[in-house]
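K.L.:
sequence first, predicted coordinates after that:
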Amino acid sequence: MDQDTVSGWVDGNSIRQDIFDLAGVRIALYYPQQKADVEQMIKSKFQWSTTKDHDQIAANNPAGYSPIFTGYRAKHYRVQLREEDTKPPLNSEDVIEIQVVSVLQHAWAKVHHDVLYKQLHGDASLGERRSLDGLNGVVQIGDLMLDGFHDLHVARIESENKHFSDKYELGSFLSKRLVQIAPNNSVRMGRVGILFKFLGLVERDTPRKLLSILEGLEKKGTNLSETAVAAAKKYGHEESTATIAIMDFVLSGISPLELLDITDGSDEKEKTFVQVLASTIITLDELFSPFFLWEKKFLAQRRTTKTKADLLWFIGSVSTIEMLSGESLPNDGERVRLRNLWSWFEGHADPAVQLVFGISKMGLLRDFPKEVARIAMLFPFLENLL
């Protein structure tokens, strides 16, 4: 700044008028492609003034070396505060320069400036200029690779947060993970179709959330195999499966008051009762098969003569099939029977029945009327035991 400028200062305002930028800020980004995001933020927070792209070598080149690479690459914004954001001594006419650059460009520019402009030890040699130019090329390649890495990272995150499209996609994902964390086939997948529906109900049906569950299962015991065995014992099942272990783990972390119950507020509660009760019986047979492993525990619950009669009616009557097929609604007498059975299921002491009845109430229903025949198939077995 020359002496004439300084001598012309008479007060703070005259000094302010000679200041090109009241403040300067440099934002250094790990990923260069995020410059567009930063620009949107700047536009939303400040009054827009001017923008300048820097993508070429400065003219200070007494050594006669012509750089191959473009040199400093950045975007400079000159902005002003919004009126509502100002308070004395600041005002809306004050100019702020915001420089947006990559971290690598920032480091290169600092070295470049110190060597070529500060000139504490004379002009930079031809070799120094070549080295700076080569470093700039490395920096540009680094920026390119960081942007590529960022794209891959975003794609992976989006993939991890994408819902499993069907039970086959879930099964493929789970199978690969079980090979890694439960070697020697020590934990089987179990009924993936049931798990797929369950994870959707509890909003855990993404790779990222399922991985978190599997990590939690590993931490719960010495390893996943041990945790799965413990879950199988809890439900009286001979086979250790990931499906049962995962459902047990997730439900243990949800307060009973927070569990979804599709019968709450239902205008046709007894119709929902039919679907839930039938789903419970079918899913018990699928999740804890074979039949003889669950039927004795299922029927061990104390039941009155009326409850026994109601069970036989429910699994063997044409009216149940018609209700599940949507062909009819329960009459008054059938409503009484359904409520009696509902109370019996709700009070059941066996953990496996509690688990399956609970997830059925949450909305894990079977595909009716398509699976209606599965109730009829179980009737001869249960009839003999009742």
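P.N.:
Arrived safely, thanks for sending. Note that the structure is predicted; figures quoted are calculated from it, not measured.
K.L.:
ok now do the closest residue to residue 23 other than its chain neighbours, which residues does it touch?
P.N.:
Nearest-residue entry for residue 23: residue 96, 4.8 Å, with adjacent residues in sequence omitted and distances by C-beta to C-beta, 6 or more residues apart in numbering. All C-beta spots, glycine's among them, are computed from the backbone N, C-alpha and C. Under the criterion of C-beta atoms under 8 Å, 6 or more residues apart in numbering, the neighbours of residue 96 are 21-25, 46, 78-81.
K.L.:
tell me which strands the helix or strand that residue 96 is a member of pairs with, and in which orientation.
P.N.:
Using DSSP states H and E, residue 96 maps to strand 95-102. As defined by DSSP bridges, the strand partners of strand 95-102 come to strand 23-29 (parallel), strand 73-80 (antiparallel).
K.L.:
could you dump those strands to CSV with mean neighbour count and distance to residue 332?
P.N.:
Formatted as CSV, those follow (neighbours: other C-beta atoms under 10 Å; distance: least, C-beta to C-beta, whole Å):
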stretch, mean neighbour count, distance to residue 332
strand 23-29, 14, 71
strand 73-80, 19, 75
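K.L.:
closest one to residue 186 among those?
P.N.:
Minimum separation from residue 186 across those (C-beta to C-beta) falls at strand 23-29, 46.3 Å.
K.L.:
neighbours of residue 15, just the number please.
P.N.:
Other residues within reach of residue 15, judged by other C-beta atoms under 10 Å, total 13.
K.L.:
what residue ranges in the stretch 51-200 of the chain score low on pLDDT?
P.N.:
Judged by pLDDT under 70, the stretch 51-200 of the chain has its weakly predicted residues at 56-66, 118-121, 183, 185.
K.L.:
quick one on the thing from earlier: tell me which of the strands paired with strand 95-102 sits nearest to residue 298.
P.N.:
Closest approach to residue 298 among the strands paired with strand 95-102 is made by strand 23-29 (61.5 Å; C-beta to C-beta).
K.L.:
hang on, the earlier thing: distance to residue 262 added to the strands paired with strand 95-102, as JSON lines?
P.N.:
What follows is the strands paired with strand 95-102, written out as JSON lines (distance: least, C-beta to C-beta, whole Å):
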{"stretch": "strand 23-29", "distance to residue 262": "48"}
{"stretch": "strand 73-80", "distance to residue 262": "54"}
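K.L.:
so which of the ones you listed comes closest to residue 244?
P.N.:
Evaluated with C-beta to C-beta, the strands paired with strand 95-102 place strand 23-29 nearest to residue 244, the distance being 47.0 Å.
K.L.:
convert the closest one to CSV, retaining C-alpha atoms only.
P.N.:
Extracted as CSV, the C-alpha positions of strand 23-29 are listed here (Å, rounded to 0.1, in the frame of the first residue of the first chain):
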residue,chain,number,x,y,z
ALA,A,23,-12.4,-10.9,5.4
GLY,A,24,-11.1,-13.9,3.5
VAL,A,25,-12.0,-17.5,4.1
ARG,A,26,-10.6,-20.7,2.4
ILE,A,27,-12.6,-23.8,2.4
ALA,A,28,-10.5,-26.9,1.7
LEU,A,29,-12.4,-30.0,0.6
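K.L.:
what does that strand rub up against?
P.N.:
Residues outside strand 23-29 that contact it (C-beta under 8 Å, 6+ apart): 35, 38, 94, 96-103, 106.
K.L.:
re the thing from before, from the contacts of residue 96, pick the one nearest residue 335.
P.N.:
residue 46 (67.2 Å).
K.L.:
against residue 93, how distant is that closest one?
P.N.:
Relative to residue 93, residue 46 is positioned 13 Å away (C-beta to C-beta, to the nearest Å).
K.L.:
that's all I had, so thanks and see you.
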